[in-house]
Each structure stands twice: as structure tokens, then as C-alpha cells.
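In: Everything below, folded, please.
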Amino acid sequence: MNLEVFKSEENILNIDLGKLAFEDGLHGETYTIVDIGFSSKDETWEPVYGERSVVRNNYNQAEITLKDAGVSGKTIRVICRLYDEGIAFRYLFDNQSGVYEILNEELSSFDFQYDFEGR
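Out: Numbering: from 1, shown residues only. The predicted structure follows:
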């Protein structure tokens, strides 16, 4: 599955979420999108200690639900959060079978359109 991140109308990042390598083999080739939800949050919180007395938590989020069209029928949700300072991904695996699996490798790639400098 490929994602594109835009700033205004300009594509700044291409992401290939690739495949997921579990103990029983590679997954991800037969997943299809079944739902996409969007949300935003802008809040502040006070840490117990640290350099700042108030931390701002401001992001736009897309939650993409994928279902394996193959034999397993597994569902995976990908949470993509876009902050002013960067981007974050999280995978949520539904435990439909009651069997726990170990994710050995996550094969994603990120292709930035420019040479951005970190701060």
C-alpha cells in the first residue's frame, strides 16, 4: 500500500507500507482498504517533569483499515499522524483468532522529495 503526504498541493513524501513479516510468513500482498477515517486533535498537557511546563499535542490523523483478501482474512489498522514536526505510524492488529503472532520485520520505505534538514 502506498501513501502520499502533501503540504498544500505539493507532494513531499511517498510511503510504501510494504509487507509485514510474521513467523508464519509474509503478509500484506493481498490487503485491501475497507475503511478510511480522518480526525484532528489540538490539545495541551502538563508533564510531571521536563523542559516544558506545557506540551502541545497537535496533529491530523488518518486511520486506514485493511483486510486480507486472502485466506487469513486478518484486519490491520494503520494509524498515520501528521505533526508540524514530523509524521508517525502505528499498526494495530486485531486478534481475531486468539493466537498471538510475533512480527519479525516491517518492510516500509519512505521517499522524501527533498533533502530536509532536522532541527
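
In: And the next helix or strand past the helix or strand of the chain with the lowest mean pLDDT?
Out: Of all the helices and strands that make up the chain, the one with the lowest confidence by mean pLDDT, DSSP states H and E is strand 25-27; it has a mean of 67. Tracing the chain past strand 25-27, the next element assigned as helix or strand by DSSP states H and E is strand 31-45.

In: And for that next one, what's in contact with it?
Out: Applying C-beta atoms under 8 Å, 6 or more residues apart in numbering, the contact partners of strand 31-45 are 1, 54-69, 75-76. The way it works is simple: take the backbone N, C-alpha and C, and place the C-beta from them, glycine included.

In: and the spatially most central residue of the chain, what are its bridge partners?
Out: The centroid of the chain falls nearest to F89 when counting by C-alpha atoms, centre = their mean (2.8 Å). Partner residues in beta bridges with F89, using DSSP bridges, are C80.

In: Any figure for the gap between it and E51?
Out: 26 Å (C-beta to C-beta, to the nearest Å).

In: So how do I select the buried members of the contacts of strand 31-45 in ChimeraX?
Out: Selecting only the buried members of the contacts of strand 31-45 in ChimeraX, with burial defined as 16 or more other C-beta atoms under 10 Å, works like this:
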select :1,59,61,63,64,65,66,67,68,75,76
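
In: quick one: low-confidence parts of the chain?
Out: When the per-residue scores of the chain are filtered using pLDDT under 70, the ranges that remain are 1, 18, 25-28, 71, 96-99, 116, 118-119.

In: How are the helices of it distributed by residue range?
Out: Counting by DSSP state H, the chain has no helices to list.

In: Could you pull out the strands in it for me?
Out: Across the chain, reading from the start of the chain, the strands by DSSP state E fall at 2-7, 10-22, 25-27, 31-45, 55-68, 75-82, 87-93, 103-112.

In: In space, what's closest to E46 - neighbours in sequence excluded?
Out: Once flanking residues are discounted, E46 sits nearest to V54: 5.8 Å by C-beta to C-beta, 6 or more residues apart in numbering.
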